[in-house]
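Student: Predicted structure and sequence below. I'll ask about it afterward.
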Amino acid sequence: MAVATIKKDYFFKHNPVHIHLSNECSEYVGVLHKHKFVEVVYIISGRAKHIIDSKEYYVKKGDVSVINCDEAHAFIEDKEYGEKFLAYDLMFTPDFLDNSCLSSDDFSLLSSSFLFFSMFPDEKGFKERFNFIPNCSYELGLVFEKIYREYKGCRTGYINLIRLYTAEIIIRLLRKIQTVDENRLSDTQRNTVLEITQYLEQNYNMKIKIDEIASRMFFSQNYLSKIFKQETGLSIHEFLTDIRIKQACKKLSSTSDNIADIATECGFSDMKSFYCIFKKYMGETPKRYRDNAKKDR
């Protein structure tokens, strides 16, 4: 497969960062290519084979791929998977981050982890190269969503805010990498966690009790909670809240339904708790989120 070099200038107005959804820039999907910037891809849905420097990974919802400068790569969608492939594609130049948002210790971890070797071209002694970080939390996906909305909105200070959000992504990825070996579960345990996540995704609008889930699966609540957090990085309650918030965001931005009805449909017990949790996760009220989503269309 021939390697194409990206010539399109994504960094308009001299901005050192760019983000888009994969379906907004489809000309390089399925095409082996390389570029002179760093790229971090968060998989929102679907499944694809990611080819990078002759290695192959299968990526799915919640996985992250890291592509450094001049690494030939391509995402090949698995069209038989039953769910459309969609991803956030965050791009930035190696000089985008500095010690105003990452400490010297953070940069030391970056250089030794080989996570973003484009930022440290002269460093030696990398421990291990990471192009693929699986099973990242939904919370990380929400950070990508915030970057996307800031980039589309172009409001005052948006580049600085995106820089801080990007630093948050990097720190969360470093944490994930540091605990990969410590948190390695058996296939049986992973399948148990997968069953729970699927149940939560299908029943998020219902009243869910963790002890009842544990009882049905013949496990103790403490054991189930432990392996779930090891695999996903979130507690079962946090994971369920993330699903409910994402569903609420979809309904707020795509429908004119009453906000109270949306709260109920997404599994929140009352409006007070919905407003409080939504603002904590999204940084604004449901009404403000809806108003801003309309502006961004």
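Tutor: Cool, got the structure.
Student: C-alpha from now on. contacts and neighbour counts both.
Tutor: Fine.
Student: Domain map for the chain?
Tutor: Domain assignment for the chain, taken from automatic domain parsing, gives 4-178, 187-296.
Student: Where does the prediction get shaky in the stretch 51-200 of the chain?
Tutor: Scanning the stretch 51-200 of the chain for pLDDT under 70 picks out the ranges 98-130, 178-186.
Student: mind checking the SS state of P94?
Tutor: The three-state label given to P94 by DSSP: H, G, I helix; E, B strand; the rest coil is coil.
Student: My read is that it contacts V38, right?
Tutor: Yes: judged on Cα atoms under 8 Å, P94 makes contact with V38 at a distance of 6.5 Å.
Student: And the helices in the stretch 101-250 of the chain, which stretches?
Tutor: 104-113, 138-153, 158-178, 187-203, 210-216, 221-232, 236-254 (DSSP state H, counting those that start in this stretch).
Student: Next, the contact list for the residue lying farthest from the centre of the chain, please.
Tutor: The C-alpha centroid of the chain is most remote from F218, which lies 31.6 Å away (Cα atoms, centre = their mean). Contacts for F218 (Cα atoms under 8 Å, 6 or more residues apart in numbering) come out as none.
Student: Next one: it from T192, what distance?
Tutor: Distance of F218 to T192, computed by Cα to Cα, to the nearest Å: 11 Å.
Student: before we move on, what about F132?
Tutor: Counting by Cα to Cα, the separation of F132 from T192 is 23 Å.
Student: higher neighbour count, these two?
Tutor: F132 (21 against 15; other Cα atoms under 10 Å).
Student: So the nearest residue to that one once chain neighbours are set aside, which state does it fall into?
Tutor: Using Cα to Cα, 6 or more residues apart in numbering and skipping the chain neighbours, the partner closest in space to F132 is S65 (4.7 Å). Counting by three-state DSSP, the backbone at S65 sits in strand.
Student: neighbours of S65, just the number please.
Tutor: There are 19 residues near S65, going by other Cα under 10 Å.
Student: List the contacts of it.
Tutor: S65 makes contact with 40-42, 131-133, according to Cα under 8 Å, 6+ apart.
Student: Beta-bridge partners for it, please?
Tutor: In this entry, S65 is beta-bridged to V41, F132, by DSSP bridges.
Student: quick check: mean pLDDT across stretch 285-293?
Tutor: Looking at stretch 285-293 alone, the average pLDDT works out to 90.
Student: Could you pull out the buried residues of it?
Tutor: 285-286, 289-290, 293 (16 or more other Cα atoms under 10 Å).
Student: G82 against A48, yeah?
Tutor: No: assessed by Cα under 8 Å, G82 is found out of contact with A48, at 11.6 Å.
Student: Those two: which has the busier surroundings?
Tutor: Using other Cα under 10 Å, the more surrounded residue of G82 and A48 is A48, with 23 against 9.
Student: Give me the secondary structure label for that one.
Tutor: Once three-state DSSP is applied, A48 turns out strand.
Student: and the nearest residue to it once chain neighbours are set aside, backbone torsions?
Tutor: In this structure, A48 finds its nearest non-sequential neighbour in E77, 4.2 Å apart by Cα to Cα, 6+ apart. The phi/psi pair for E77 (degrees, to the nearest 10) reads phi -60, psi 140.
Student: Wait, E77 touches S45, no?
Tutor: No: counting by Cα under 8 Å, E77 stays clear of S45, with 10.9 Å between them.
Student: Quick check: S269 vs G233, distance?
Tutor: 25 Å.
Student: Those two: who's more crowded?
Tutor: Shown here are S269 and G233; by other Cα under 10 Å, G233 has more neighbours (21 against 14).
Student: Could you pull up the residues touching that one?
Tutor: The neighbours of G233, taking Cα under 8 Å, 6+ apart as the test, are 136-137.
Student: for V40, same thing?
Tutor: Taking Cα under 8 Å, 6+ apart, we find V40 in contact with 64-67, 89-91.
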